[in-house]
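Colleague: Predicted model, plus sequence, below.
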Protein chains: 4
Amino acid sequence: MKTFKVGLIGAGFMAKAHSVAYAGMPMFFWPAPALIKKKLIADLTVERADEAALQFGFERGTADWRDIINDPDIDIVDICTPNDSHAEIAIAAAGAGKHIICEKPISRTLEEAKAMYEAVSKANVVNMLAFNYRMTPAVQLAKKYIDEGAIGDILDFRGTYLQDWSADPNSPLSWRFQKAVCGSGAFGDIGTHVVDMLRFLIGDFTEVNARFATYIKERPMQTGTVDNLGSVKGGTDVPKAPVDVDDQCLLVLKGANGSFGTIEATRNAWGRNNFITFEIHGTKGSLYFNYERRDELQVCFADDPGDRRGFRTVYTGPAHPYGENLWPIPALGIGYTETKIVEMYKFIDAVANGGRVSPDFEDGYRIEQLGDAAFRSAKSGSWETI
Amino acid sequence: MKTFKVGLIGAGFMAKAHSVAYAGMPMFFWPAPALIKKKLIADLTVERADEAALQFGFERGTADWRDIINDPDIDIVDICTPNDSHAEIAIAAAGAGKHIICEKPISRTLEEAKAMYEAVSKANVVNMLAFNYRMTPAVQLAKKYIDEGAIGDILDFRGTYLQDWSADPNSPLSWRFQKAVCGSGAFGDIGTHVVDMLRFLIGDFTEVNARFATYIKERPMQTGTVDNLGSVKGGTDVPKAPVDVDDQCLLVLKGANGSFGTIEATRNAWGRNNFITFEIHGTKGSLYFNYERRDELQVCFADDPGDRRGFRTVYTGPAHPYGENLWPIPALGIGYTETKIVEMYKFIDAVANGGRVSPDFEDGYRIEQLGDAAFRSAKSGSWETI
Amino acid sequence: MKTFKVGLIGAGFMAKAHSVAYAGMPMFFWPAPALIKKKLIADLTVERADEAALQFGFERGTADWRDIINDPDIDIVDICTPNDSHAEIAIAAAGAGKHIICEKPISRTLEEAKAMYEAVSKANVVNMLAFNYRMTPAVQLAKKYIDEGAIGDILDFRGTYLQDWSADPNSPLSWRFQKAVCGSGAFGDIGTHVVDMLRFLIGDFTEVNARFATYIKERPMQTGTVDNLGSVKGGTDVPKAPVDVDDQCLLVLKGANGSFGTIEATRNAWGRNNFITFEIHGTKGSLYFNYERRDELQVCFADDPGDRRGFRTVYTGPAHPYGENLWPIPALGIGYTETKIVEMYKFIDAVANGGRVSPDFEDGYRIEQLGDAAFRSAKSGSWETI
Amino acid sequence: MKTFKVGLIGAGFMAKAHSVAYAGMPMFFWPAPALIKKKLIADLTVERADEAALQFGFERGTADWRDIINDPDIDIVDICTPNDSHAEIAIAAAGAGKHIICEKPISRTLEEAKAMYEAVSKANVVNMLAFNYRMTPAVQLAKKYIDEGAIGDILDFRGTYLQDWSADPNSPLSWRFQKAVCGSGAFGDIGTHVVDMLRFLIGDFTEVNARFATYIKERPMQTGTVDNLGSVKGGTDVPKAPVDVDDQCLLVLKGANGSFGTIEATRNAWGRNNFITFEIHGTKGSLYFNYERRDELQVCFADDPGDRRGFRTVYTGPAHPYGENLWPIPALGIGYTETKIVEMYKFIDAVANGGRVSPDFEDGYRIEQLGDAAFRSAKSGSWETI
């Protein structure tokens, strides 16, 4: 059994998610495609990096992410930094022939995304973007139903990602509100997850008509770099700075398959937390999913007899995608960790056995193209080709 | 106590709904604004009209709706016919000085709506459009919360009306699929309910960007005039005829208050039955309603402490709008009948005591203007001013 | 078409429910088994009775319920009074050869129930107890599934009726808390509804083991006779009097079919309003119903393929029991009124066409026997035979 | 920072759960109470044990669990075997001064439980029983609300654990259906989880009245020792053997605090998967939890104004117990892994810092006493003192 060595860059909450996935992957997917050795983790100072190494189970830390790129022993570069460094790191990693898993969204701009996509294509390395929500077994089950034709031809769709962690005007100005770091706001941060999920389920989109809004024009500046996702409020005596990204986006989309629908994302929806949903209607049935209740998928089959037809609430388990690898009883519990373990399995499997993993940088680039068209549409007020 | 005499035109399912509302209104709203005498009901033949009179508790039937207009004894004309006769009847009734309650949508076209609005304005008669869903106590409670400022300024909204009764291609071509009779399809039939509800809750809209789709291009012709709403399928040997209205519509809207959002309506959403929903986010809270579970409103208040915040599921009862008039315990049961009784109370109260009732023909006309702009937008591909 | 004349005794909220049912029955069930003439209504004073006549559409009022018994013109006696007068009125009505519909529970005591049952048996009059909740189409659908064998042999069941209208200690001491008037508390008031529903669905019970609790030992006395069901609180300066009935009951039951399960009822469950639920497991499937969301029944069929199995949420409509008589689209709205209209149809149909209606006084008597055994069990601490 | 060395016995699905918890604990709870070194894992053959070591990240495997006991280097013995070996292993481990975490239920019999409790008491080692469901943040939040008095005095409760994995008669006779191995059926396997959860929330119980049922009297014998929890069916040509444990149990309980209620557990409830629920009513509010939707807790506060009262759906996150250690946004996803990581943290914290962890062997023993009383009650048909 092969062993791959990993260097991870960034030591925030995503480093935790990836680290538990490295540990859990072979436990859940056995025989594993390979074993993992967590070698090097990079953070801003060596002290913090060494502490992160202890916490996340790496051999040691470094204050210079280029140590990871330059280490010939390292097979995999894992990018868990804010969006502004994705391109530089990924292009360097590809240049060094490393396989790459990178947190979403791919980058700040279309140009960066294109360069990243070209770099990994040229280097011919396995590359993955960490849109983990599509790894949820219930989403995979939706895909299976669609592929089996169980809901017929797709007519329409609507996807949402609603949160409220920054609805409070005192929620601080973290990097997620600074265009120079994040590229875009709700669209890039969370909207891209829904775009990825719907592209996975029903295919590409051809045209978009979009609207963006920034509700809270300035926020208290955040001291330090930690990203508390709204759980710590800015003090009242903290100076404020302007927000230059979107709090909310609404996209109307035409699918290449003739369908149409909407995607919306907001971080200002009080009472919604991680409300990633889709509802899809087809000629022979319908699907509904809500990640807040992620163990279940709702499906209605038109062919059911009229007196017994209705949405079925299917709890995913061994009879469903990845079910034999996860837990032996439905609803035992799919959490964020489990979605990350499935994601990591797919990545490591591609690294070990070859083949393209999905979603990869090309997907990320396509999503950036969609985003670019959406921002053009918001300016033009018209439909724009993606 | 006054007694008003009613003439009702049409003897289908809406005649049933209105008749039980006439009977129930004083029972629920006591002291009643007036008593009701159901005098005359019109249908296509005198036999059917007389039978309807017996069924619905009218004194007698007539095959000529003009008998109702011409009867000086009749105070109220109630229009429960398909859309193509609303204008002719309503204008005649207004001309005869009758108060009018008319089923929705107001008419087939903007021109008809305008003429109807002008006729009732000139005649100065009480006039109401039967958008009953806004009478649901939970919807009235949403309005109360908004008016009290409990959810702050409105940021965005989405409304839906999803059904599946005509998703089957063998569901017959009733009048609801013939533009000459109905004017429009899903938009007029059900979409207008959501437009009415959202106008009621958050005010007028200024611009629209819309898309319409007709999924099932032809359907088996329906024999007879009965409107079975999909519950009887057309035979396989029945000739088909083209559908010339929309199966689905999607409207993106800008609100006069700066908010924006979507309204969608479809009769091709398998598993959805009378799925009238809205979700509204404000600066201080959120609202969610689903008519399929109409005894309840979900509301989230931002001011709740962080460890106790979440959507509250409020079951409407005596503590809520119309609660003292309906049933003494929440969830005892709000049905279609109850919504119609509230509606009828508001109408009769205006007839008895004067004042404008809402929604009236002006509202209907405004909704037609919105629909007209939506159809223009679908053609132009651009935002259109309402 | 026959016409039956009705005399109704009592003018509270149940009189409203019955009156709208008389009016609505032929509108919904057409051709109707008979037409109804609401002749006489009795209340405590002639003024209030006359006002009730106007409100509920009766010809006139009376202060003496015996006027109804003695009127040879009256076919049907409708008993909407508190429990303490059921026996006297019903026995008199039976003696006069009237058909009887009586609100639940049948009586205060087993002796009264027995006498009532014997009186109607001897008189051979149609008799019905108004356990309306089993008339909900979703409950009727559950019965249909069970009768078709769709869930196999019944293994176990649990039924609940949870409310909170008297959870507040200041909720006044209405007749529902006085044993001399009501006979028992939560058991008779609401628990009997669940017993009726489960007897309807799965048959008779043979043994019971029960527990009762009275949480609020005294309450402010209520002035006047109006029963506000907790929506008006007693003032702080109102004298208190002891409660001598149960606030809550829990019954463990063995079914004649070998099944076992529980029934619980309480009026002290904060947040539950009219939470009438059942969950039934069989060898081939399961059922779940919650009256607070009464348009829907949840059913799971074991025979569904493993990757598509889960509870189906079936919204009742034309494809389901009474669907063609109620509303043409599922979820258009079943309310309390609709349940009462179905109930009234079944009663009038039996009066017109003969035959036993269910639930009748025999059912009421059987339920009292069960209640009697339950109270014996609470004393003995042991299983008691019903 | 200390490092503890672990020896784990058993290599089935629980070994996976514990192993990922060892890996994840310091990642989530940092600074960690200690680091963990997974040293030795025992399974039936050395080949399987070595493979398990590779899969779960242990240094090596052994075919003899006594190697773990006898290794002076090992601090912690983790027991993930079927119930019949818990006592022998635990008592040996205690004798060797090891700290112990043991899967639930504690043992097959009251005698074994007593011996285990006495052994750890005498050895004064940290000991924990892995009732992980109470570690769910929403359950911890329920406890917090109760402790704060937010729902007042507890009146009543009902807990359930409903599954369907063995509802199919072809689901094989694994060790979970053999009394000699498991001690009891649904009660021990799943009912004890609910007992633990309710003891945690509302305290001890004093009396019980119970009923047990075995619906499927014999099942196809299972080849091999793997426990597929119903996901693999027995072939039709496989010989059958009798089931000598309960498929279902129903317990009526009196709480030491004066409350009463029910606990039921079944593995024959079609459509229920891991349906661990509780509903608790107090004098000032109510709680409802369903593990199938484990990110949320429903709570109703009586003190809310009447027009705004209803169950709040609170999604647990940073503002709630363990929230800062888990994920930074509510509903990001609590899965089985996360519950096990919290559990492991509590155990390791006690090992590192001393103190009693809850639930421990004493709790397990108390639960066995309750179970013993329940089985006595089922025989006697009477209430039994616990």
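Modeller: Perfect, thanks for sending it.

Colleague: Can you report how many residues neighbour A:Ala130?
Modeller: Per other C-beta atoms under 10 Å in any protein chain shown, the neighbour tally for A:Ala130 reads 25. Quick note: C-beta positions are derived from backbone N, CA and C, even for glycine.

Colleague: which residue packs closest to it, ignoring adjacent ones?
Modeller: A:Glu103 (4.9 Å; C-beta to C-beta, 6 or more residues apart in numbering or on different chains).

Colleague: Ramachandran angles for that neighbour?
Modeller: Here is the backbone geometry of A:Glu103 (degrees, to the nearest 10): phi -70, psi 160.

Colleague: what residues does chain A put near chain B?
Modeller: Within reach of chain B by C-beta under 8 Å from any C-beta of the partner chain, chain A has these residues: A:151, A:155-156, A:158, A:162, A:167-168, A:209, A:211, A:213, A:215, A:248, A:250, A:252, A:260-262, A:264, A:266, A:268-272, A:281-286, A:298, A:300-302, A:309-311, A:381-383.

Colleague: Where helices are concerned, which of those residues count?
Modeller: Judged by DSSP state H, the residues of chain A next to chain B include no members of helices.

Colleague: now these: which count as buried?
Modeller: Buried subset of those (neighbour count, 16 or more other C-beta atoms under 10 Å in any protein chain shown): A:151, A:155-156, A:158, A:162, A:167-168, A:209, A:211, A:213, A:215, A:248, A:250, A:252, A:260-262, A:264, A:266, A:268-272, A:281-286, A:298, A:300-302, A:309-311, A:383.

Colleague: Of those, which belong to strands?
Modeller: A:155-156, A:158, A:162, A:209, A:211, A:213, A:248, A:250, A:252, A:260-262, A:264, A:266, A:281-282, A:285-286, A:298, A:300-301, A:311 (DSSP state E).

Colleague: tell me, what residue is most central in chain A?
Modeller: A:Phe131 (2.5 Å; C-alpha atoms, centre = their mean).

Colleague: Could you report the pLDDT at that one?
Modeller: pLDDT, A:Phe131: 98.

Colleague: That one against A:Ile106, yeah?
Modeller: No - contact criterion C-beta atoms under 8 Å: A:Phe131 and A:Ile106 do not qualify, at 9.8 Å.

Colleague: tell me the secondary structure for A:Lys5?
Modeller: strand (DSSP: H, G, I helix; E, B strand; the rest coil).

Colleague: still on that earlier bit, show me which of the buried ones among the residues of chain A next to chain B neighbour chain C.
Modeller: A:Phe301, A:Arg309, A:Gly310, A:Phe311.

Colleague: quick one: the last one and A:Pro137, what's the gap?
Modeller: Distance from A:Phe311 to A:Pro137, counting by C-beta to C-beta, to the nearest Å: 18 Å.

Colleague: again with A:Asp73
Modeller: In terms of C-beta to C-beta, A:Asp73 sits 35 Å off from A:Pro137.

Colleague: As a check, name the ranges of all strands in the stretch 1-150 of chain A.
Modeller: A:3-9, A:35-42, A:60-62, A:76-79, A:99-102, A:127-129 (DSSP state E, counting those that start in this stretch).

Colleague: Export those as CSV, with columns for mean neighbour count.
Modeller: Below are those laid out as CSV (neighbours: other C-beta atoms under 10 Å in any protein chain shown):
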stretch, mean neighbour count
strand A:3-9, 22
strand A:35-42, 23
strand A:60-62, 20
strand A:76-79, 28
strand A:99-102, 27
strand A:127-129, 29
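
Colleague: right, and A:Arg108 touches A:Asp84 too?
Modeller: Yes - between A:Arg108 and A:Asp84 a contact is recorded at 5.9 Å, counting by C-beta under 8 Å.

Colleague: quick one, what contacts the residue lying farthest from the centre of chain A?
Modeller: Going by C-alpha atoms, centre = their mean, the residue of chain A most distant from its centre is A:Asp307, 40.1 Å out. Residues in contact with A:Asp307 (C-beta atoms under 8 Å, 6 or more residues apart in numbering or on different chains) are C:Leu141, C:Lys144, C:Val314, C:Ala319, C:His320.

Colleague: now, among those, which is nearest to B:Ser19?
Modeller: C:His320 (23.6 Å; C-beta to C-beta).

Colleague: what's the helix or strand for that closest one?
Modeller: Assigning secondary structure by DSSP states H and E places C:His320 outside every helix and strand.

Colleague: Report the spatially closest residue to it, excluding sequence-adjacent ones.
Modeller: C:Leu141 (4.9 Å).

Colleague: Okay, the one you found and A:Ala130: tell me how far apart.
Modeller: With C-beta to C-beta as the criterion, C:Leu141 and A:Ala130 are 46 Å apart.

Colleague: go on, A:Arg199?
Modeller: Counting by C-beta to C-beta - A:Arg199 and A:Ala130 are separated by 15 Å.

Colleague: With A:Ala119 instead?
Modeller: 18 Å.

Colleague: What of A:Ile348?
Modeller: A:Ile348 is 13 Å from A:Ala130, by C-beta to C-beta.

Colleague: Name the residues of the stretch 151-300 of chain A found near chain C, please.
Modeller: A:Glu296, A:Val299.

Colleague: In the stretch 251-386 of chain A, which residue sits nearest chain D?
Modeller: Of all residues in the stretch 251-386 of chain A, A:Gly335 sits closest to chain D, at 2.3 Å by C-beta to the nearest C-beta.

Colleague: Now do the contacts for the closest residue to that residue other than its chain neighbours.
Modeller: If the residues on either side of it in the chain are set aside, A:Gly335 comes closest to D:Gly335, at 2.3 Å by C-beta to C-beta, 6+ apart. Applying C-beta under 8 Å, 6+ apart to D:Gly335 gives the contacts A:Gly333, A:Ile334, A:Gly335, A:Tyr336, A:Thr337, A:Glu338.
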